[in-house]
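Q: Sequence first, predicted coordinates after that:
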Amino acid sequence: TIRIWDSETGKLLKESDKEAGHQKAISSLSKSLDWSHFLTGSLDKSAKLWDARTLTLIKTYVTELPVNAVDMSPTLDNVVIGGGQDAMNVTMTDRRAGKFEAKFFHKILQEEIGGVKGHFGPINALAFNPDGKRLFEWWGGWIREATPF
């Protein structure tokens, strides 16, 4: 559930529809540059795009990996989703089975348009550079710069 609170009074102002929300914990949130919408990632293997004013669900991006990190391109209609299997189980599985990769989706069409593989552990943070041409990933104690487009 996503909630908006009044920071001065502590009063609940708005709450998202429980049926539209994630089925497991939200692990990441990224806002658009104009604050009109935001993206959430969840351990339920999805990311969701929300209207910031009404908390209405706009789009859902489904993947086969638990989502630890999300971000939106500041220049293109793209979102990136990263994650993978729980870190405590990493040593007990092949890196391919852990699905340690960043996936790119078209923000409007919800179609997967690419990915960045080669991670040896779950992705824990993602951030686009303000120019929109580079992406920074944090995984397994490493920070890597990727040029996705």
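A: Nice, thanks for sending it over. A quick note: this is a predicted structure, and the numbers were derived from the prediction, not measured.

Q: What ranges does this structure have for its strands?
A: 3-5, 12-15, 26-31, 37-42, 46-51, 57-62, 67-72, 78-83, 102-106, 112-116, 123-128, 135-139, 142-146 (DSSP state E).

Q: For those, give me CSV that also has mean neighbour count and mean pLDDT.
A: The way it works is simple: take the backbone N, C-alpha and C, and place the C-beta from them, glycine included. Listed next are the strands of the chain as CSV, based on neighbours: other CB atoms under 10 Å; pLDDT from 0 to 100:
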stretch, mean neighbour count, mean pLDDT
strand 3-5, 12, 93
strand 12-15, 12, 94
strand 26-31, 18, 95
strand 37-42, 22, 97
strand 46-51, 22, 97
strand 57-62, 16, 97
strand 67-72, 25, 95
strand 78-83, 27, 93
strand 102-106, 22, 93
strand 112-116, 15, 88
strand 123-128, 20, 89
strand 135-139, 20, 73
strand 142-146, 12, 62
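
Q: Okay, and the beta partners of the most centrally placed residue in the chain?
A: With distances taken as CA atoms, centre = their mean, V70 lies nearest the centre of the chain, 2.1 Å away. With DSSP bridges as the criterion, V70 is bridged to I81.

Q: if I read this right, it contacts T40, doesn't it?
A: Yes. Between V70 and T40 there is a contact under CB atoms under 8 Å: 6.9 Å.

Q: Quickly list what's touching both of the two.
A: Listed as contacting both V70 and T40 by CB atoms under 8 Å, 6 or more residues apart in numbering are S28, L29, A47.

Q: Excluding chain neighbours, what is closest to the second one?
A: The shortest distance from L29 to any non-neighbouring residue, by CB to CB, 6 or more residues apart in numbering, is to T40 (5.2 Å).

Q: Now do the contacts for that neighbour.
A: Going by CB under 8 Å, 6+ apart, the list of residues near T40 reads I2, H22, I26, S28, L29, A47, K48, W50, V70.

Q: Quickly note the distance from the closest residue to H106 other than its chain neighbours to A69.
A: Spatial nearest neighbour of H106, excluding adjacent residues (CB to CB, 6+ apart): I113 at 5.4 Å. Computed as CB to CB, to the nearest Å, the I113 to A69 distance reads 18 Å.

Q: Report how many residues lie close to H22.
A: 22 (other CB atoms under 10 Å).

Q: likewise G121?
A: G121, neighbours per other CB under 10 Å, totals 17.
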